[in-house]
Structure formats: C-alpha cells, structure tokens
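Undergrad: after the sequence you'll find the predicted model.
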Amino acid sequence: MRKPKTIEWLYLDFDGFFASVEQQARPALRGKPIGIVPFEGVVHTVVIACSKEAKALGVKNVMALAKAKAICPQLILVPQTPDLYRRAHNALLAEISSVIPIDAIKSIDELTCKLDPKDIADPVGLAALIQNRLRDNIGAYITCSIGFAANRHLAKIACKMDKPNGVTIWHPSDMPSRLLPVPFDDIPGIGHSMEKRLHRAGIYTVGALLKTQPKQMRKLWGNVTGERLWYALHGYAIKAGKSKRGMFGHGRTLPPDWRSLKSAQACSRLLLVKAARRMRREGYYASALYMWLSIRRGREERSWTTKGRLYIANDDQACLKSLDGLWEKARAALPSHVRIVRVGVTLGDLTLSSSRQLDMLLNDDPERRKWETITNAIDGLNTRYGKSLVTLGVWKLPAGGNLGGKISYTRIPRAEDFW
C-alpha cells in the first residue's frame with residue numbers, strides 16, 4: 001500500500017453550520033448566543049445546533065434544552081429552517097468548486113478535495129483563497145476550518161484542531177507527533193463504546209493505539225474497519241469504500257398538540273410518503289417497513305418499535321397499507337391515552353429496480369400494477385408543479401412543517417423534500 005510523502009488531501013468543515021447560516025441570513029442574531037430547536041414553543045427537546053457564542057458559554061450541540069438554558073439563560077432559540085440550510089449548502093459548494101474541484105461531499109457541512117501539485121506547493125494560499133471567497137461572496141458569518149494531510153482521514157482530524165476559521169497542515173514528516181495529543185473522541189471511527197473497548201485492552205492514548213498491529217486493530221473492531229483505521233492513522237493512501245444504501249426513512253418530533261395516537265399516525269403517513277418518494281427517485285424497492293415511537297410518561301421516555309413486510313414494493317398504496325397494519329399493532333399494545341413525542345418510519349431490505357425479481361403471479365397482479373402506475377402518475381404531477389399537488393389521503397403538516405426536509409448532518413435534502 002502506498003504511503004504518500006506529502007500532503008494530498010484537503011478536508012473542509014463549516015463552523016457551527018446551521019447557526020452560522022441563521023446569523024448570516026438574520027443580522028439581528030449576529031454575535032449572539034443562539035440555539036437551533038425543532039420548532040417554536042418547544043420545551044422538552046434538545047438544542048440541535050448552537051452558535052460559536054453559545055459554545056463559548058458552555059452550550060453544546062444536541063444538549064437538552066433545559067440544561068442549555070441553565071448554562072446560558074440568554075440563549076436565543078431559533079426554530080430550524082432546513083430549506084435555508086439546503087440553499088446555503090448549494091451556494092457554498094458553488095463558490096468552493098470555482099477554486100478547487102470537490103472530490104466528495106461527506107455531509108451537509110463537510111467536504112473533501114484532492115490536491116494537485118500547485119495546491120500542494122501552497123496550501124496556506126489555497127485555504128486563504130477559499131475562505132476569502134466565501135467571505136466576499138456569501139458572507140462573513142459562515143466560516144470554515146480546513147485541514148491538510150496525506151489522506152482524507154488525517155485531514156478530517158486536522159481540520160478540527162483549529163476551529164473556528166482555522167487552517168491546519170499535517171505534513172507526513174510531522175507525523176505521528178501531531179496526532180499524539182489528540183483525544184480518542186476526535187478521531188473518526190472511535191466512538192464512546194469503542195473507546196471503552198480500547199481501555200479494556202489497555203490502550204489509553206493515540207500513541208499506544210499507533211503501536212498496535214493492523215491485525216490487532218481488526219480484532220479489536222471485529223472487522224476490517226479497525227485495520228483500515230490503522231493504515232489511515234499511519235498516513236497510508238487509503239479511502240473508505242463506497243457505502244451501500246441500506247434504508248430510506250424519516251423521523252419527526254411531534255408538536256404538543258400532535259402527541260396522540262391519531263395525530264402520530266397521521267404524521268407517520270406523511271413521513272412514509274416522503275421516504276417512499278425518495279426511494280423511487282433513487283431506483284429502489286423495499287421488502288420491510290419499520291416504525292418506531294418515543295413514548296413519554298412523566299419525565300421518562302421509552303421506545304416502542306414494530307416491523308411489517310412488503311413484497312418488493314415502492315408504490316404509496318402498498319407502503320401505506322403496510323403502515324396501517326403496524327398501527328393496528330400499536331393500538332393493541334399501547335393505552336389509548338399514550339403520549340407520543342416522536343415518530344419514525346423506515347423502508348428497509350432494499351432491492352435495486354434493476355435487480356428486482358418477483359413471483360410470476362405477483363408480477364401479473366393487476367391491482368399491483370395499477371397502483372404502481374397511479375403512483376408514477378402522482379410523482380409526475382408533483383414534479384411538474386413543484387409541490388404535493390396530488391396525494392393519497394389528507395396532506396396536513398404539523399406545526400413547523402419540515403417533514404422529510406429536517407436538519408440532517410448526513411443527508412443533504414433536495415428541493416423535492418420540502419414539497
């Protein structure tokens with residue numbers, strides 16, 4: 001395996017992306033501690049994301065709202081506006097692409113680029129060009145931190161070292177000394193549970209981790225991921241393999257007046273239609289439908305989940321029929337007065353349309369072919385007019401909207417997700 005002798009990758013991470021976009025769009029929020037919440041009037045929830053001013057006062061992303069307000073009483077709560085974040089993401093990508101080709105978009109606020117010889121010769125100048133272009137053409141309140149290293153994994157770690165608006169360059173000749181002080185939770189691939197496992201193996205520092213052998217790392221992780229991480233941390237030219245699509249799903253925190261069985265079911269129908277639309281756009285069929293509910297009793301929450309079967313389907317009628325069966329199970333298992341605070345649906349056991357094989361009798365089922373034709377016609381009309389013009393059943397959104405287009409770090413919403 002090749003071990004680069006110079007930097008080859010750039011990794012860019014926008015600083016406090018959701019909060020900074022809000023501050024750029026709304027001058028009244030600039031310079032103030034703000035926290036992004038699901039919707040207005042919410043009490044029992046978390047701060048999804050917060051500004052650098054809030055972070056400086058001790059507030060963290062995904063912190064309970066009550067705790068965040070106790071730490072920072074002056075925290076300004078801002079309901080999420082996901083379509084604004086989508087449009088900001090696209091505008092930022094356009095500016096960066098004018099400076100350097102983007103190799104991969106890793107999330108809504110992270111991306112990576114392969115360096116050419118000119119970039120390798122002057123990484124500081126390249127970083128300044130990107131940051132200045134964003135400031136001049138988008139605005140000064142959306143900043144980014146940039147890391148350079150021999151591979152993407154090390155560049156991702158490096159870009160976290162000097163936030164916000166920092167630039168960190170890790171030349172191979174400087175390694176591994178630059179990596180030694182880094183805590184485990186700053187290394188992608190080492191979560192809380194994995195850190196505990198490393199401690200049980202007597203590995204407490206990055207230095208000790210680097211002294212292990214690749215096969216030992218594979219054994220600790222229980223798969224090839226550990227061995228790949230070893231090579232990445234030692235500066236080898238290694239890239240993660242392309243991930244395989246495993247499911248399509250959506251979840252939603254319900255506003256207070258939607259927390260009954262009836263309203264939660266209505267919301268789940270909307271979420272499922274959104275997920276099925278995405279699945280069809282990407283050319284998949286599903287064989288399983290999962291539903292989960294978060295139920296609150298006093299201050300405690302518990303989860304309730306169930307699963308239903310589909311027959312390699314992707315049309316709305318088949319998905320909604322299966323969902324109705326799951327709600328029959330829920331009503332039989334849960335008290336009628338139950339308080340549901342979150343609901344989610346997931347279409348799984350996916351099959352690409354090019355690989356779909358059906359029983360001959362099922363494939364000839366006129367009812368099945370009828371609903372697939374109807375669903376395709378509905379999709380065509382909605383696409384033509386850019387909204388949910390035609391739907392199966394009532395299309396009434398809960399307070400705050402954002403069904404299928406909510407904040408997501410791992411998925412960049414499309415314009416269609418907001419119909």
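TA: Looks like it arrived, so ask away. Numbering: from 1, shown residues only.
Undergrad: report the beta-bridge partners for residue 76.
TA: residue 34 (DSSP bridges).
Undergrad: so which residues of the chain form strands?
TA: Under the criterion DSSP state E, strands of the chain are mapped to 9-14, 34-37, 46-47, 49-50, 63-64, 76-79, 104-107, 110-114, 144-149, 167-169, 248-253, 284-297, 300-313, 340-352.
Undergrad: would JSON lines of the ones you listed with distance to residue 178 be doable?
TA: The way it works is simple: take the backbone N, C-alpha and C, and place the C-beta from them, glycine included. Shown next, in JSON lines, are those (distance: least, Cβ to Cβ, whole Å):
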{"stretch": "strand 9-14", "distance to residue 178": "15"}
{"stretch": "strand 34-37", "distance to residue 178": "33"}
{"stretch": "strand 46-47", "distance to residue 178": "32"}
{"stretch": "strand 49-50", "distance to residue 178": "28"}
{"stretch": "strand 63-64", "distance to residue 178": "30"}
{"stretch": "strand 76-79", "distance to residue 178": "37"}
{"stretch": "strand 104-107", "distance to residue 178": "22"}
{"stretch": "strand 110-114", "distance to residue 178": "19"}
{"stretch": "strand 144-149", "distance to residue 178": "9"}
{"stretch": "strand 167-169", "distance to residue 178": "8"}
{"stretch": "strand 248-253", "distance to residue 178": "39"}
{"stretch": "strand 284-297", "distance to residue 178": "42"}
{"stretch": "strand 300-313", "distance to residue 178": "42"}
{"stretch": "strand 340-352", "distance to residue 178": "40"}
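Undergrad: can you redo the ones you listed as TSV with distance to residue 214 and mean neighbour count?
TA: As requested, the strands of the chain are arranged in TSV below (distance: least, Cβ to Cβ, whole Å; neighbours: other Cβ atoms under 10 Å):
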stretch	distance to residue 214	mean neighbour count
strand 9-14	21	25
strand 34-37	41	25
strand 46-47	38	22
strand 49-50	37	28
strand 63-64	37	16
strand 76-79	46	18
strand 104-107	25	15
strand 110-114	24	20
strand 144-149	19	26
strand 167-169	26	20
strand 248-253	35	22
strand 284-297	35	19
strand 300-313	37	15
strand 340-352	32	20
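Undergrad: out of those strands, nearest to residue 327?
TA: strand 284-297 (7.8 Å; Cβ to Cβ).
Undergrad: output that closest one as PDB - backbone C-alpha positions only.
TA: This file holds the C-alpha atoms of strand 284-297, laid out as PDB (Å, rounded to 0.1, in the frame of the first residue of the first chain):
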ATOM      1  CA  TYR A 284     -35.200   1.100  -5.100                       C
ATOM      2  CA  TYR A 285     -37.900  -1.200  -3.800                       C
ATOM      3  CA  ALA A 286     -38.400  -2.300  -0.200                       C
ATOM      4  CA  SER A 287     -39.400  -5.600   1.400                       C
ATOM      5  CA  ALA A 288     -39.700  -4.300   5.000                       C
ATOM      6  CA  LEU A 289     -41.200  -1.400   6.900                       C
ATOM      7  CA  TYR A 290     -40.200  -0.400  10.400                       C
ATOM      8  CA  MET A 291     -41.900   2.000  12.700                       C
ATOM      9  CA  TRP A 292     -40.700   3.400  16.000                       C
ATOM     10  CA  LEU A 293     -42.400   5.600  18.600                       C
ATOM     11  CA  SER A 294     -40.900   7.500  21.500                       C
ATOM     12  CA  ILE A 295     -43.400   7.500  24.400                       C
ATOM     13  CA  ARG A 296     -43.300   9.900  27.300                       C
ATOM     14  CA  ARG A 297     -44.500   9.100  30.800                       C
END
